[in-house]
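S.K.: Sequence and computational prediction follow.
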Number of protein chains: 2
Amino acid sequence: MERLRDIGEDALIDRLTAGLPLGAGTLVGPGDDCAVLATADAAVWELLKTDCLVEGVHFSPDTDAEAVGWKALCRSLSDIAAMGGRPHAALVTLAVPADRAVHVVEGWYRGLRHAASAFDVAIVGGETSSTPAGTATAFLSITVTGTVPADLCLLRSTARVGDRLAVTGRLGGSFASGRHLDFIPRLREGAWLAGLGADRPTAMMDLSDGLARDLPRLAKASGGLGWRLDVETLPCHPGCDPGHAIGDGEDYELLLTLAPGTTDRVLTAWSSAFPDTPLTVIGQLTPTVETPLAGGWEHFTPSPDASA
Amino acid sequence: MERLRDIGEDALIDRLTAGLPLGAGTLVGPGDDCAVLATADAAVWELLKTDCLVEGVHFSPDTDAEAVGWKALCRSLSDIAAMGGRPHAALVTLAVPADRAVHVVEGWYRGLRHAASAFDVAIVGGETSSTPAGTATAFLSITVTGTVPADLCLLRSTARVGDRLAVTGRLGGSFASGRHLDFIPRLREGAWLAGLGADRPTAMMDLSDGLARDLPRLAKASGGLGWRLDVETLPCHPGCDPGHAIGDGEDYELLLTLAPGTTDRVLTAWSSAFPDTPLTVIGQLTPTVETPLAGGWEHFTPSPDASA
């Protein structure tokens, strides 16, 4: 019998979503950072994103509860950022063992409220459920809605051969350092990039599972491209080497592609707009893969090279 | 240390959502069947609902997988129906043990697609996660968006003393009969009721946790009212007595209130529009509780009278 760990997350999603009927109002369905829907205002598109945190996978029982709430909301906000959008409303679904301390759940909500307030999001609804007796694991599922001007929305599927690859910030060591719990989703940076007019990125996504898994997704979505990574240029967090930058995951930085002729202008403008945050060219898109990557986060298949 | 089972689901939600900042575009926040948001078109409101199915709570590991998927989507559609709305898009979050058979998850998705197709919903996105080693429980969380004409939206908070209480269909025995797995959400009926003009219900909600828990929620939301239930009039499924109709839950029928002067007209029009489905007056709203209720589904506190 075939099990989830035999096929892995990406193949599972491909199978589940193949041929899904999307309806007339759906502009982008499964496969990008957010779904994109038409609205009554032709100039504005709606963004929808769902995500979840599973105790024992994305955080541990002794993780600070407020940090769990912050992370739960900010993960989805990072996906809104990756489309160049701004968030509006959030829904919170919790499944929690009945013997869990009330103050833990209240702590999650303090973190959720803190993040909602910081990024102007309204928590408009939710659902709570118990878990069955004997299941000690808690689950938080978050849905965020947002909007993006129709002419600014950035997708991951629109990169072209020759486009330069760039990342915001620094990569690697997020889980070990605890950065995965208090990162700032790149909403300002994403909207700024989307607003660059003719110089705007040709494609964008957020880095959550690590460059080793997310870059191939962007390249595949853009028509089955390859890439060349200039590994020595990777902007690494202190204490991390390029292996960490490629494989650790949980960076919540933006991965974007820039047309070659625009790259220098964007880098110059960026350094004025965001002097404290690097924007680094790390390679380019090619017809075939020139820099095979190993590592990154895979939910169902334990990767033999996950420590790369 | 205070635990969730010490305070129960409603008190937990009250604590978590008290004083949540909702922002200008939020017309109805936590507490109704759906959140209601303004859109670019002043005549149309957006509905948002999140819900979840937990294995071992809402279904068992040997429940037919397609039925699980059907139920997962239709539960949220029932909430859209309760506002008088129509659904548009759905997002699906799954957390599943890595050793689960692929065909089970594919079965869930067949059921989700079947329901989406039946009720004209686009599945536009999702997320998948593993569960930690040792956690054998699967979780499905569904978010549905919808719309409702602004002048038709029905809330649970707008009933008045003297309004008649009515329910669609029949109640009781849903779990025992398997009806909770293949029910039809009352979308047509909800939209029809919302469109009745001056005769439309004064309030409406869906019955998911049982009359014993849901009626008090409607009465409380409508300014702390009471109710009198004419128990002998309860429309029971064959094999069920009024105790089942009050306490079993999982009915996914509509509970509505009608102004006294409109009730007869609505019942007459209903029987022409939906000849195969009863609409039954079961009592009325009063200043204080005249018919105490026992039973219904409570997630965190095992009810001593759950078998009532």
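M.R.: That came in fine, so what should we check first? Numbers count the residues shown, from 1 in each chain, chains lettered A, B, ... in the order given.
S.K.: contacting residues around A:Trp192?
M.R.: Contact analysis of A:Trp192 by CB atoms under 8 Å, 6 or more residues apart in numbering or on different chains lists A:Ala273, A:Phe274. Just so you know, the C-beta spots here come from the backbone N, C-alpha and C atoms, and that holds for glycine as well.
S.K.: what do you get for A:Arg228?
M.R.: Listed by CB under 8 Å, 6+ apart, the contact partners of A:Arg228 are A:Gly283, A:Gln284, A:Thr286, A:Glu290, A:Thr291.
S.K.: partners of the third one in the sheet?
M.R.: This means A:Thr286. In this entry, A:Thr286 is beta-bridged to A:Gly226, by DSSP bridges.
S.K.: And it, how far from chain B?
M.R.: Look at A:Thr286 and chain B: by CB to the nearest CB, to the nearest Å, they are 29 Å apart.
S.K.: Quick check, pLDDT for that residue.
M.R.: Model confidence at A:Thr286, given as pLDDT, is 98.
S.K.: Report how many residues lie close to it.
M.R.: 16 (other CB atoms under 10 Å in any protein chain shown).
S.K.: Please apply the same query to the last one.
M.R.: Under the neighbour criterion other CB under 10 Å, A:Thr291 is assigned a count of 14.
S.K.: which ones are touching the residue nearest to it when sequence neighbours are not counted?
M.R.: What sits nearest to A:Thr291 in space, not counting adjacent residues and going by CB to CB, 6 or more residues apart in numbering or on different chains, is A:Leu229, at 4.1 Å. Contact analysis of A:Leu229 by CB under 8 Å, 6+ apart lists A:Leu165, A:Leu211, A:Leu215, A:Ile246, A:Ile282, A:Gly283, A:Thr291, A:Leu293.
S.K.: Out of these, which sit inside strands?
M.R.: A:Leu165, A:Ile282, A:Gly283 (DSSP state E).
S.K.: ok so, going back, most neighbours, which of the contacts of A:Leu229?
M.R.: Going by other CB under 10 Å, A:Leu211 tops the contacts of A:Leu229 with 29 neighbours.
S.K.: What's the separation between that residue and chain B?
M.R.: As for A:Leu211, its distance to chain B is 20 Å (criterion: CB to the nearest CB).
S.K.: Next, please give the residue ranges for the strands of the stretch 101-250 of chain A.
M.R.: A:122-130, A:139-149, A:164-168, A:203-207, A:226-229 (DSSP state E, counting those that start in this stretch).
S.K.: Provide the strand pairings for the second one, with the direction of each partner.
M.R.: Spelled out, that is strand A:139-149. By DSSP bridges, strand A:139-149 pairs with strand A:44-54 (antiparallel), strand A:86-96 (antiparallel).
S.K.: ok, now the first one?
M.R.: On the basis of DSSP bridges, the sheet neighbours of strand A:122-130 come out as strand A:86-96 (parallel).
S.K.: how about the nearest residue to A:Ala43, chain neighbours excluded?
M.R.: A:Ala150 (5.4 Å).
S.K.: Pick out the residue of the stretch 101-250 of chain A closest to chain B.
M.R.: A:Pro132 (2.8 Å; CB to the nearest CB).
S.K.: any idea how far B:Ala138 is from that residue?
M.R.: Per CB to CB, to the nearest Å, A:Pro132 is found 11 Å from B:Ala138.
S.K.: Give me the distance between A:Glu66 and chain B.
M.R.: For A:Glu66, the distance to chain B (CB to the nearest CB) stands at 13 Å.
S.K.: Now that residue. Nearest residue, chain neighbours left out?
M.R.: Once flanking residues are discounted, A:Glu66 sits nearest to A:Gly111: 3.8 Å by CB to CB, 6+ apart.
S.K.: Identify the residues contacting the one you found.
M.R.: Contacts of A:Gly111 (CB under 8 Å, 6+ apart): A:Ala65, A:Glu66, A:Ala67, A:Val68, A:Gly69, A:Trp70, A:Lys71, A:Ala72, A:Leu73.
S.K.: Show me chain A divided up by domain.
M.R.: What automatic domain parsing lists as the domains of chain A is A:4-149, A:164-286.
S.K.: still on that earlier bit, more crowded one of A:Pro132 and B:Ala138?
M.R.: B:Ala138 (21 against 16).
S.K.: Got the phi and psi for the residue nearest to A:Ala43?
M.R.: phi -60, psi -30 (degrees, to the nearest 10).
S.K.: count of neighbours near it?
M.R.: When neighbours are defined as other CB under 10 Å, A:Ala150 has 15 of them.
S.K.: nearest spatial neighbour of the residue nearest to the spatial centre of chain A, skipping sequence neighbours?
M.R.: Chain A has A:Asp206 as the residue nearest its centroid, 3.8 Å off, counting by CA atoms, centre = their mean. Nearest residue to A:Asp206 in three dimensions, chain neighbours excluded: A:Ala82, at 4.0 Å (CB to CB, 6+ apart).
S.K.: so what's that neighbour up against?
M.R.: Residues counted as contacts of A:Ala82 (CB under 8 Å, 6+ apart) are A:Asp33, A:Cys34, A:Leu154, A:Arg156, A:Arg186, A:Gly190, A:Met204, A:Met205, A:Asp206, A:Leu254.
S.K.: For B:Lys49, see how far away the nearest residue to A:Ser130 once chain neighbours are set aside is.
M.R.: Nearest non-adjacent residue to A:Ser130, counting by CB to CB, 6+ apart: B:His299, 4.1 Å away. B:His299 is 17 Å from B:Lys49, where distance means CB to CB.
S.K.: cool, and A:Thr268?
M.R.: Noted for A:Thr268: a distance of 46 Å to B:Lys49, by CB to CB.
S.K.: next one: A:Asp163
M.R.: Per CB to CB, A:Asp163 is found 40 Å from B:Lys49.
S.K.: Could you check which of the two has the larger neighbour count?
M.R.: Between A:Asp163 and B:Lys49, counted using other CB under 10 Å, B:Lys49 has the larger neighbour count: 29 against 24.
S.K.: Against A:Gly197, how distant is the more buried one?
M.R.: 38 Å.
S.K.: Quick one: residues contacting the closest residue to A:Gly8 other than its chain neighbours.
M.R.: The spatial neighbour of A:Gly8 that comes closest, neighbours along the chain excluded (CB to CB, 6+ apart), is A:Thr301 at 4.1 Å. By CB under 8 Å, 6+ apart, the residues touching A:Thr301 are A:Arg5, A:Asp6, A:Ile7, A:Gly8, A:Glu9, B:Ala98.
S.K.: change it to 10 Å
M.R.: Neighbouring residues of A:Thr301 by CB atoms under 10 Å, 6 or more residues apart in numbering or on different chains: A:Arg3, A:Leu4, A:Arg5, A:Asp6, A:Ile7, A:Gly8, A:Glu9, A:Asp10, A:Ala11, A:Leu12, B:Ala98, B:Ser130.
S.K.: Please check those and keep the buried ones.
M.R.: A:Arg3, A:Leu4, A:Arg5, A:Gly8, A:Glu9, A:Asp10, A:Leu12, B:Ala98, B:Ser130 (16 or more other CB atoms under 10 Å in any protein chain shown).
S.K.: Nearest to A:Ser222 among these?
M.R.: A:Ser222 has its nearest neighbour among the buried ones among the contacts of A:Thr301 in A:Asp10, at 15.5 Å by CB to CB.
S.K.: So that closest one, which state does it fall into?
M.R.: Following DSSP: H, G, I helix; E, B strand; the rest coil, A:Asp10 is assigned to helix.
S.K.: In this structure it contacts A:Glu298, no?
M.R.: Yes: under the criterion of CB atoms under 10 Å, A:Asp10 makes contact with A:Glu298 at 8.3 Å.
S.K.: sorry, back to before: which pLDDT does the model give the residue nearest to A:Ala43?
M.R.: Taking A:Ala150 on its own, its pLDDT is 97.
S.K.: Below-threshold pLDDT in chain A: ranges please.
M.R.: Residue ranges of chain A with pLDDT under 70: A:302-308.
S.K.: Residue numbers of the stretch 201-308 of chain A in contact with chain B?
M.R.: Contacts of the stretch 201-308 of chain A with chain B, taken as CB under 10 Å from any CB of the partner chain, map to A:Glu298, A:His299, A:Phe300, A:Thr301, A:Pro302.
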